[in-house]
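Visitor: Sequence first, then the predicted structure:
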Amino acid sequence: ALAKIGDTAWADFPVLVRLPAEASELLQSDNGTDLFFTDENGASLSFEVETFNPDGTTFVWVKVPSLSASTELTVWFSGASNQDNDPTAVWSRYVGVWHYAPSDAGGSTVADATGHGLTGSTTGALLTCAGPFGGDAIHGTATVTAPNYDALVPNAGQFTASGWFKAPSQVGDYLTFVSKKTGLNWDDAKGWYLEMAQSKTKMNLVLGNSTTSATIPDVSVNWNHFSIVSDGTNVKVYMNGSTSAAITKAYAVTASGQKFVISPNKADNCTDEYRIRKGAAGAAETALEYATMKDAAFFDLGAIESVDDTAQVFETPTVVRNANGTYTVTAVLRENNGVVGVLYDASATAVTNIIQAAASPGTFTDTPANLTANTTYKFAAYGKNANGTEVVAKGGVFYNGDISIAKISDANENGLVTGVFRISRADT
């Protein structure tokens, strides 16, 4: 399913990972606190457990530093508490995220996962309903009102808002399901809202005091996902993962100063996973956000493997260039004991340095003198425990030599146009 991403690598993208009951049963805690994730290089990833269900599907949001068609994640059931269960880190690009998780049901608030404190307050009871991507969502007559987020969006006209909605009893009412406007005042020139316009299939985008309509799948039987994208000049609405905008309107949105309101309106109307973030997302990004939730096979869960829980755990190693032209690699052994080393690989040549015993937690360094000059090396931390279990934690790449920089053309004297330089090295 990751092939849907195409050739783009998306930075710091939160994806939904579904863990079936047989995976959740491996956890030694009763609330998922011993769960954690790593990327291809073994680096720990920030995540948020939205719904933990030891008897069914557990839903986890994982922030992937670089999401591409070849991305692989590893989920660990370690038996040890992991501090990377950090919702605020997962949603660092967002202003507000309201999951409408089952834990919100029966309460008077809906939590904001970003840490910005935009907790929504309700006017009535929140109940659970079958959600759009396999979990539970929220329904009820309650209107959820979150604080005004304008201060968190420096340029109010550049934002992306998204969410899911369904209205089983919708027939001929005006049904507003999200609003950033003065009440439902159509004449107010500021703000925006989305509504169903006396129809099951006609949706209105209200901007200031103008309305633009689109036809969408029947909301009485279908969950619909919307993404409103405003770039300061135009506003587009994308529906259900399409990269073609259902609505395009030339309009400069201005700050309304109003609270953010999510309004189910009727007892059987359902909402789920509402988000606001700074900046205008592209069509492909809105489609990807939809796919990570709707496509249950977006990440295909591989085989569950037993691992040696005494294997060493490293932080991602780093490298610096010293004043004398040498390089020093630093690695941190976070858990367990054994021998450690640093691996250097230049395809044609591979070097292993400083094999020595080390106990955790501890830091070790290597300044290699046995590497080939003018060569690019990958480097990694290496460990081997008493059971013979080997671990490799990938670092990055460095060039063992000097890089020359030659000026090709000058910048204009006004300083506003960049000059051109050529960077070269001996091995390429």
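Guide: Thanks, I have it.

Visitor: Flag the shaky bits of the stretch 51-200 of the chain, pLDDT-wise.
Guide: 78-83, 135, 140-142, 183-188 (pLDDT under 70).

Visitor: and residue 179, how far is that from residue 367?
Guide: The gap separating residue 179 from residue 367 is 60 Å, by CB to CB, to the nearest Å. Yep, even glycine has a C-beta here, placed from its N, CA and C like the rest.

Visitor: Could you check which of these two has the larger neighbour count?
Guide: Between residue 179 and residue 367, counting by other CB atoms under 10 Å, residue 179 is the more crowded of the two (24 against 14).

Visitor: OK, contacts around that one?
Guide: Contacts here follow CB atoms under 8 Å, 6 or more residues apart in numbering; on that basis residue 179 touches 191, 192, 193, 194, 258, 260, 261, 263.

Visitor: Could you tell me which of the residues you listed are located in strands?
Guide: Using DSSP state E, 192, 193, 194, 260, 261 are the members of these that sit in strands.

Visitor: With respect to residue 327, which of these is nearest?
Guide: residue 260 (50.0 Å; CB to CB).

Visitor: how much space between that closest one and residue 178?
Guide: 8 Å.

Visitor: One more: residue 144?
Guide: Where residue 178 is concerned, residue 144 sits at a distance of 10 Å (CB to CB).

Visitor: any common contacting residues for the two?
Guide: Shared contacts of residue 144 and residue 178, counting by CB under 8 Å, 6+ apart, come down to 261, 262, 263.

Visitor: Could you dump those into TSV with distance to residue 94, neighbour count and pLDDT added?
Guide: Shown next, in TSV, are these (distance: CB to CB, whole Å; neighbours: other CB atoms under 10 Å; pLDDT from 0 to 100):
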residue	distance to residue 94	neighbour count	pLDDT
261	18	19	87
262	15	23	85
263	21	22	78
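
Visitor: returning to that earlier point: show me which pair in the ones in strands among the contacts of residue 179 is furthest apart.
Guide: So, the ones in strands among the contacts of residue 179 by CB to CB: farthest apart are 194 and 260, at 12.3 Å.

Visitor: could you dump the shared contacts of residue 144 and residue 178 to a markdown table with distance to residue 113?
Guide: Shown next, in a markdown table, are the shared contacts of residue 144 and residue 178 (distance: CB to CB, whole Å):
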| residue | distance to residue 113 |
| --- | --- |
| 261 | 18 |
| 262 | 15 |
| 263 | 20 |
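
Visitor: which among those gets closest to residue 60?
Guide: Nearest member of those to residue 60, counting by CB to CB, is residue 262, at 23.4 Å.

Visitor: residues contacting that closest one?
Guide: Going by CB under 8 Å, 6+ apart, the list of residues near residue 262 reads 98, 110, 120, 143, 144, 145, 146, 163, 177, 178, 271, 274.

Visitor: do you know how far the nearest residue to residue 423 once chain neighbours are set aside is from residue 422?
Guide: Sequence neighbours aside, residue 405 is the residue nearest to residue 423 in space, at 5.4 Å (criterion: CB to CB, 6 or more residues apart in numbering). Using CB to CB, one gets 7 Å for the distance from residue 405 to residue 422.

Visitor: same thing with residue 243?
Guide: Per CB to CB, residue 243 is found 38 Å from residue 422.

Visitor: And the two? Which one has more around it.
Guide: Each of residue 243 and residue 422 has its neighbours counted (other CB under 10 Å); residue 243 has more, 12 against 9.

Visitor: excluding its backbone neighbours, what's nearest that one?
Guide: residue 283 (4.1 Å).

Visitor: ok, back up a step: if we only consider the ones in strands among the contacts of residue 179, which is nearest to residue 229?
Guide: When those are compared against residue 229 (criterion: CB to CB), the nearest one is residue 192, at 11.7 Å.

Visitor: give me every residue that touches residue 361.
Guide: Counting by CB under 8 Å, 6+ apart, residue 361 has contacts 332, 333, 334, 335.

Visitor: so the first one, which of the three states?
Guide: Each residue gets one of three states, and residue 332 gets strand by DSSP: H, G, I helix; E, B strand; the rest coil.

Visitor: what separates the nearest residue to it once chain neighbours are set aside from residue 364, distance-wise?
Guide: In this structure, residue 332 finds its nearest non-sequential neighbour in residue 315, 4.2 Å apart by CB to CB, 6+ apart. Relative to residue 364, residue 315 is positioned 12 Å away (CB to CB).

Visitor: Repeat that for residue 71.
Guide: Counting by CB to CB, the gap from residue 71 to residue 364 is 30 Å.

Visitor: before we move on, what SS does the nearest residue to residue 399 once chain neighbours are set aside have?
Guide: Residue nearest to residue 399 in three dimensions, not counting chain neighbours: residue 376, with 5.0 Å by CB to CB, 6+ apart. Per three-state DSSP, the local secondary structure of residue 376 is strand.

Visitor: State the pLDDT value of residue 376.
Guide: Residue 376 carries a pLDDT value of 89.

Visitor: And the top helix by length along the chain, what does it pack against?
Guide: If you go by DSSP state H, the chain has its longest helix at helix 283-294. Applying 3 or more CB pairs under 8 Å, 6 or more residues apart in numbering; DSSP states H and E, one finds that helix 283-294 contacts strand 10-19, strand 158-166, strand 224-231, strand 234-239.

Visitor: tell me the secondary structure for residue 88?
Guide: Residue 88 ends up helix, using three-state DSSP.

Visitor: need the contact list for it.
Guide: Residue 88 touches 113, 114, 115, counting by CB under 8 Å, 6+ apart.

Visitor: ditto for residue 357
Guide: 337, 338, 339, 340.

Visitor: And the spatially closest residue to the second one that is not a sequence neighbour, what's its pLDDT?
Guide: Spelled out, that is residue 338. In this structure, residue 338 finds its nearest non-sequential neighbour in residue 385, 3.7 Å apart by CB to CB, 6+ apart. With respect to pLDDT, residue 385 scores 92.

Visitor: Kindly provide the distance from the residue lying closest to residue 45 once chain neighbours are set aside to residue 118.
Guide: Leaving aside its chain neighbours, residue 45 sits nearest to residue 37 (4.4 Å; criterion: CB to CB, 6+ apart). Distance of residue 37 to residue 118, computed by CB to CB: 26 Å.
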